[in-house]
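In: Got a sequence here, can you model it:
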Amino acid sequence: MATQKSIADKLGLSISLVSRVLSGKAKEIGVAQETIQKVLDEAQRTNYTPNSAALSLRGVKTQTLGVITYDFEDPYFGIILGELHKIAKQRKFTLILAGSYHREEDTLDLSAFAKHNIEGLIIVGSDRNKDWYEKFTHKSIPSVQIGFTTEKIGANICIDETLSANLVAKYLQKQKTTNTTLFFNHSLSHETFKKEYIEAFKQHDIAILEDVICDGSINSVKSGVKRLKSLPDVIIAGDDIMATKIIRSLHEINIKVPEDVKVFGFDNIAHSRNFIPSITTLNPPIKEMIQAAFDLVSSPKASQETLRFTPELISRESA
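Out: Numbers count the residues shown, from 1 in each chain. Take a look at the predicted model:
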């Protein structure tokens, strides 16, 4: 890894002179333009990156953001984290990643943030409370949450739940759908969307035969499928992973999708395109959401703004 010392040794210059050049203060002491260019060229050739801790001590902005994800293994969060990395690279931000597995609070590890002076916080996922946030209350740093929350601490970016439900309802109405069955879990995001689905289907005269609650595991989904009192026109799943588990469970009892029943997902994870049958789903505008998140979290003033984004309905084989 290149350092100011290695650059100085390579060019036969003093470390203090190299430091002046890299901090943009060389002209103040009359350093020749030729020397300045040599230092800059060597720094670029060796991919020199300033030490964020040193910059922070000097009061210089390091463009270092903390990212908390509530589930490292959630494929939808994986899409978000990938886009965060792309845009961070474009905007020359450094991301420090922390989080948990399967939303288990006892696995939420934020120790990485103690080693870095983060200047903003991006939260990936929905929640009802943020007990962990006490560690950040004294820092007064900008934050943005990508997901739903009942305990807002900063800016919020989420999918427009009302427009999403109406997109699905209108699509099903065009297909002359008369009834549905819902498969959701107790997470805040599922509960938020389910509420809107119920209202949208009511407005579009689509009956809800059953409201199945499962924890998302394959055994829970299988049990829910086997307990269905009657087969609906369409099953609405809270997310694409649940949709794939529903289709598998239906297949095991010789019910075909979409011939016997249609299945609708949400999130448009990569797996939904490749599954057999491919999943009809809603596709969130992730790139636009992440760009907005960076704009909010890098703003000079902390924002309490809420931005809602409209997804695109992707029609595939399952519905």
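In: Quick one, grab the pLDDT at residue 52.
Out: On pLDDT, residue 52 comes in at 54.
In: Residue 222 - nearest residue in space that isn't next to it in sequence?
Out: Ranked by CB to CB, 6 or more residues apart in numbering and with sequence neighbours excluded, the top spatial neighbour of residue 222 is residue 249, at 4.5 Å. From N, CA and C alone the C-beta is placed, and that goes for glycine too.
In: ok, the one you found to residue 214 distance?
Out: Using CB to CB, to the nearest Å, residue 249 is found at 10 Å from residue 214.
In: overlap in contacts of the two?
Out: Common neighbours of residue 249 and residue 214, using CB atoms under 8 Å, 6 or more residues apart in numbering, are 221, 224.
In: So what's the residue count around the residue nearest to residue 222?
Out: 20 (other CB atoms under 10 Å).
In: Quick check: it is in a strand.
Out: No. Counting by DSSP: H, G, I helix; E, B strand; the rest coil, one finds residue 249 to be helix, located in no strand.
In: That one: what's it in contact with?
Out: 218, 221-222, 224-226.
In: could I get those as JSON lines with neighbour count, secondary structure and pLDDT?
Out: Listed next are these as JSON lines, based on neighbours: other CB atoms under 10 Å; DSSP: H, G, I helix; E, B strand; the rest coil; pLDDT from 0 to 100:
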{"residue": "218", "neighbour count": "15", "secondary structure": "helix", "pLDDT": "95"}
{"residue": "221", "neighbour count": "26", "secondary structure": "helix", "pLDDT": "97"}
{"residue": "222", "neighbour count": "18", "secondary structure": "helix", "pLDDT": "97"}
{"residue": "224", "neighbour count": "21", "secondary structure": "helix", "pLDDT": "97"}
{"residue": "225", "neighbour count": "25", "secondary structure": "helix", "pLDDT": "97"}
{"residue": "226", "neighbour count": "11", "secondary structure": "helix", "pLDDT": "95"}
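In: Mind picking the one among those that's closest to residue 17?
Out: Of all those, residue 17 sits closest to residue 218, with 63.8 Å by CB to CB.
In: That closest one: what's its closest spatial neighbour, skipping adjacent residues?
Out: residue 245 (5.2 Å).
In: Residue 286 now?
Out: residue 83 (5.1 Å).
In: List the buried residues in the helix or strand hosting the one you found.
Out: Using DSSP states H and E, residue 83 sits in helix 75-91. If you call a residue buried by 16 or more other CB atoms under 10 Å, then helix 75-91 has these buried ones: 76-81, 83-84, 87-88.
In: Turn those into CSV, including pLDDT and distance to residue 197.
Out: Shown next, in CSV, are the buried residues of helix 75-91 (pLDDT from 0 to 100; distance: CB to CB, whole Å):
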residue, pLDDT, distance to residue 197
76, 95, 18
77, 94, 22
78, 94, 25
79, 95, 22
80, 96, 23
81, 95, 27
83, 95, 26
84, 95, 29
87, 93, 31
88, 93, 34
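In: wouldn't residue 118 be in contact with residue 65 here?
Out: Yes. The pair residue 118 and residue 65 passes the contact test of CB atoms under 8 Å, sitting 6.0 Å apart.
In: what is in contact with these two at once?
Out: Jointly contacting residue 118 and residue 65 under the rule CB under 8 Å, 6+ apart are residue 96.
In: What part of this protein, helix or strand, is modelled with the least confidence?
Out: Sorting the helices and strands of the chain by mean pLDDT, DSSP states H and E puts helix 52-57 at the bottom, at a mean of 49.
In: Specify the angle between the next helix or strand after it and helix 75-91 in degrees.
Out: Counting by DSSP H and E, the next helix or strand C-terminal to helix 52-57 is strand 64-69. Here strand 64-69 runs at an angle of 170 degrees relative to helix 75-91 (axes from the mean of the first three to the mean of the last three CA atoms, to 10 degrees).
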